[in-house]
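Novice: No sequence on hand, only this structure:
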Ligand SMILES: Nc1ncnc2c1ncn2[C@@H]1O[C@H](COP(=O)(O)OP(=O)(O)OP(=O)(O)O)[C@@H](O)[C@H]1O
Ligand SMILES: [Mg+2]
């Protein structure tokens, strides 16, 4: 393996990690509150706002049902506005984040809806405000589910980040397409896949461990 | 909007802990004012698509005296949970008036209710402990919510864990506890803000009889030692019998009978009450006698009577008095004596042989003596007068061991 190739792979891996981590962080920042809101704003719930809930739910669904590759192209003007360019790693972060946030929101929503309503009832009976209920009951109790869901999101983002390579986004996917496909270097393609496998494995293992650590529901956990 | 805080019903049990700031407290109320008073309260669930509106509670009147333990019992779906949830505002009444320590809380806003709820503890059938928090942190939760500082939380929680006997489990998670231990955590948590009222919704329904007894004993102690007024919701009659001073029987959203536990148990008026009370007080006719009971007296039959012993009568030697009065033997068929609200209440099934003349005399004697009784029918004599054999170890020297 030539030193240049190693260099190329390393750079691409770093780009991929940057894209995924930035997109995941911003996605969590937006998706967590959005998910909490979606889980608590139907009729009769803590922050009851059925109309806003329906509107946001619709927006989330639209984003989630748009194929990622179309999303990337469709939001180019927005990407340019935010990243200053529509090509490269910086630009790729924008569609990745926009795809990640609703996904994470739904994950958080599902995890929170799993929390026993009896706990909300108990907190209300203690005189907790809706915000206290979210902060002290819903999020901590949903945490194992949220962590597992976020792991899933990160793994999906690794896949998506390879896809943005196809539109000049940089990273491992970009490398794989340019060298492996366009220049007929199947060994590069294989290496790219190998690195992605390692990354996915690492993310999943880390996520599983963390989820088990925060899950106090089982004996001997 | 006025803030409402009930004051001074018991001293903080953990003297080292700083009392919660209650500078906004209203003056202490008149001593005779009930802790909880529901006046003609109704709750109707609004109609929803495909479902008509439904009255869960109708014209409910209920008073819970300060420092007492009141139980509400009723069959499933009677409206018990709805009723108890009105008391801490988790549900809103659709008619009537609710007062806590003389304060009308019927129209209280959600913010107003939040302050009130910090003075009312609640425990639940399924405990509702946070799985993500340790025992200590679960008990600390209401204090965190009330904004009590760390140091005060520590000493108060430690005191409470000691009270419920779980000091050694402070750092455990709920998943590592038994049901009874979980409910003790629930009780400690409910008491952490030093509530004047404790609401229990089926607090022992998920526990076995032994654990139930220990939880009931703890609740009783909390009531006696801390003066906490307790409102208990249950469908289990033993809970009422062992814990409560007063009872209300609810059915189809209406209170059909209420009064002191002893009175209601010993003289139930409503059929539903009678059915509940039966579980505790009834003495069934043994199967070997039941098959032979007839409505008409035969030539050699015995009169079968169920006699109730209430209060001071329970300890009086009823059988011997009957025997002497009648000058005839009385056979005991079955019987038991229960402690109801710490007073004896007995039931005895007896067969008076030689009826009808002796039977009529027995009835007359019971009337004179002032016992309550029922005539169950007649049994052919030989079914009762089974040969009497001693049962057990004969007390002969080889069976007696001296240590
Ligand atoms: N949110 C609700 N909407 C509509 N109807 C309700 C609602 N909550 C309770 N009900 C109805 O009100 C009635 C009383 O319910 P409640 O939970 O108070 O009964 P309960 O006496 O506590 O029963 P159980 O012993 O089974 O707990 C039931 O018929 C129930 O179906
Ligand atoms: Mg109930």
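Specialist: Alright, I've got the coordinates. Note that this is a predicted model, so its numbers are computed, not measured. Numbers count the residues shown, from 1 in each chain, chains lettered A, B, ... in the order given. Ligands and ions are numbered 1, 2, ... in the order given.

Novice: So, low pLDDT: which residues of the chain?
Specialist: Defaulting to chain A. Applying pLDDT under 70 to chain A picks out residues A:166, A:219-221.

Novice: Wait, chain B was what I had in mind.
Specialist: In chain B (pLDDT under 70), the answer is B:1-31, B:311-317, B:355-356, B:381-403.

Novice: Work out which residue lies at the spatial centre of it.
Specialist: Residue closest to the mean C-alpha point of chain B, counted by Cα atoms, centre = their mean, is residue B:240 at 1.5 Å.

Novice: Just the element for that residue, please.
Specialist: Assigned by DSSP states H and E, residue B:240 belongs to helix B:237-243.

Novice: Can you tell me, leaving aside adjacent residues, what's nearest to the residue nearest to the centre of chain B?
Specialist: Nearest residue to residue B:240, sequence neighbours excluded (Cβ to Cβ, 6 or more residues apart in numbering or on different chains): residue B:71, at 4.3 Å. In short, each C-beta sits where N, CA and C put it, glycine included.

Novice: Could I get the phi/psi values of that neighbour?
Specialist: Residue B:71 has phi and psi values of phi -110, psi 140 when expressed as degrees, to the nearest 10.

Novice: What is the burial count for residue B:78?
Specialist: By the other Cβ atoms under 10 Å in any protein chain shown criterion, the neighbourhood of residue B:78 contains 24 residues.

Novice: Isn't it up against residue B:255?
Specialist: No - the criterion here is Cβ atoms under 8 Å, and residue B:78 misses it with residue B:255 at 9.7 Å.

Novice: Give me the contacts around stretch B:364-383.
Specialist: Defining contact as Cβ atoms under 8 Å, 6 or more residues apart in numbering or on different chains, one finds that stretch B:364-383 is touched by B:267, B:285, B:288-289, B:292-298, B:300-310, B:313, B:318, B:321-322, B:325-326, B:349, B:351, B:353, B:355, B:363.

Novice: Any buried residues in that stretch, and which?
Specialist: Judged by neighbour count using 16 or more other Cβ atoms under 10 Å in any protein chain shown, the buried positions of stretch B:364-383 are B:365-366, B:371, B:373, B:376-379, B:381, B:383.

Novice: which residues touch the residue nearest to the centre of chain B?
Specialist: Taking Cβ under 8 Å, 6+ apart, one finds B:71, B:73, B:232, B:234, B:247, B:261 in contact with residue B:240.

Novice: Helix or strand for the closest residue to residue B:338 other than its chain neighbours, just tell me which one.
Specialist: In this structure, residue B:338 finds its nearest non-sequential neighbour in residue B:345, 5.3 Å apart by Cβ to Cβ, 6+ apart. Using DSSP H and E, the element containing residue B:345 is strand B:343-352.

Novice: chain center to the longest helix seen in chain B: distance?
Specialist: Longest helix in chain B, counting residues (DSSP state H): helix B:209-226. In terms of Cα atoms, centre = their mean, to the nearest Å, the centre of helix B:209-226 is found 11 Å from the chain centre.

Novice: Show me what that helix is packed up against.
Specialist: With contacts defined as 3 or more Cβ pairs under 8 Å, 6 or more residues apart in numbering or on different chains; DSSP states H and E, helix B:209-226 has these neighbours: strand B:69-73, helix B:179-191, strand B:197-201, strand B:229-234, helix B:237-243.

Novice: Turn those into a markdown table, columns for distance to residue A:184.
Specialist: Putting these into a markdown table (distance: least, Cβ to Cβ, whole Å) gives the following:
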| stretch | distance to residue A:184 |
| --- | --- |
| strand B:69-73 | 81 |
| helix B:179-191 | 66 |
| strand B:197-201 | 72 |
| strand B:229-234 | 77 |
| helix B:237-243 | 80 |
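
Novice: and the one residue in the stretch 251-400 of chain B that gets nearest to ligand 1, how many neighbours does it have?
Specialist: Ligand 1 sits closest to residue B:253 of the stretch 251-400 of chain B, with a gap of 7.0 Å, by Cβ to the nearest ligand atom. Around residue B:253 there are 22 other residues, counting by other Cβ under 10 Å.

Novice: who's in contact with residue A:28?
Specialist: Counting by Cβ under 8 Å, 6+ apart, residue A:28 has contacts A:104, A:150.

Novice: The helix or strand it falls within: which residues count as buried?
Specialist: Residue A:28 belongs to helix A:3-40 when assigned by DSSP H and E. Buried positions in helix A:3-40, judged by neighbour count with 16+ other Cβ under 10 Å: A:8-9, A:12-13, A:15-16, A:18-20, A:22-24, A:26-28, A:30-32, A:34-40.

Novice: any chance you could map the helices in chain A?
Specialist: For chain A, the helices defined by DSSP H cover A:3-40, A:50-65, A:68-74, A:76-83, A:89-113, A:117-125, A:130-132, A:139-164, A:171-175, A:186-214.

Novice: Tell me which of these approaches ligand 1 most closely.
Specialist: Of the helices of chain A, nearest to ligand 1 by Cβ to the nearest ligand atom is helix A:117-125, at 11.3 Å.

Novice: which outside residues touch stretch B:250-261?
Specialist: The contact list for stretch B:250-261, computed with Cβ under 8 Å, 6+ apart, reads B:43, B:55-62, B:71-75, B:78-80, B:82-83, B:240-241, B:244-249, B:264, B:268-270, B:272-273, B:340-341.

Novice: Also near ligand 1: which of the residues you listed, exactly?
Specialist: Near ligand 1, judged by Cβ under 6 Å from any ligand atom, the entries from the contacts of stretch B:250-261 are B:56, B:74, B:78-80, B:82.

Novice: Next up, the contacts around residue 136.
Specialist: Just so you know, I chose chain A. A:123, A:128, B:141, B:144-145.

Novice: I was after chain B.
Specialist: B:157, B:161, B:170-171.

Novice: ChimeraX command for the buried members of the residues you listed?
Specialist: A single ChimeraX command suffices to select whichever of those are buried according to 16+ other Cβ under 10 Å:
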select /B:157,161
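
Novice: Dump the contacts of residue B:136 to CSV, plus secondary structure.
Specialist: Formatted as CSV, the contacts of residue B:136 follow (DSSP: H, G, I helix; E, B strand; the rest coil):
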residue, secondary structure
B:157, helix
B:161, helix
B:170, coil
B:171, coil
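
Novice: Closest one to ligand 1 out of the contacts of residue B:136, please.
Specialist: residue B:161 (29.4 Å).

Novice: ok, that closest one to residue A:140 distance?
Specialist: 21 Å (Cβ to Cβ, to the nearest Å).

Novice: again, but for residue A:49
Specialist: The gap separating residue A:49 from residue A:140 is 24 Å, by Cβ to Cβ.

Novice: The two: which has the busier surroundings?
Specialist: Counted by other Cβ under 10 Å, residue A:49 and residue A:140 do not tie: residue A:140 has more neighbours, with 20 against 15.

Novice: Count the residues that sit near residue 142.
Specialist: All of this refers to chain A. A count of neighbours around residue A:142, defined by other Cβ under 10 Å, yields 25.

Novice: To clarify, I was referring to chain B.
Specialist: By other Cβ under 10 Å, 25 other residues sit near residue B:142.

Novice: Over to residue B:357?
Specialist: 9.

Novice: so residue B:138 touches residue B:128, yeah?
Specialist: No - applying Cβ under 8 Å, one finds residue B:138 not in contact with residue B:128, separated by 9.6 Å.

Novice: which residues touch the closest residue to residue A:148 other than its chain neighbours?
Specialist: With sequence-adjacent residues excluded and distances taken as Cβ to Cβ, 6+ apart, residue A:148 is closest to residue A:211, at 4.7 Å. Contacts here follow Cβ under 8 Å, 6+ apart; on that basis residue A:211 touches A:144, A:147-148, A:151.

Novice: That'll do, ta.
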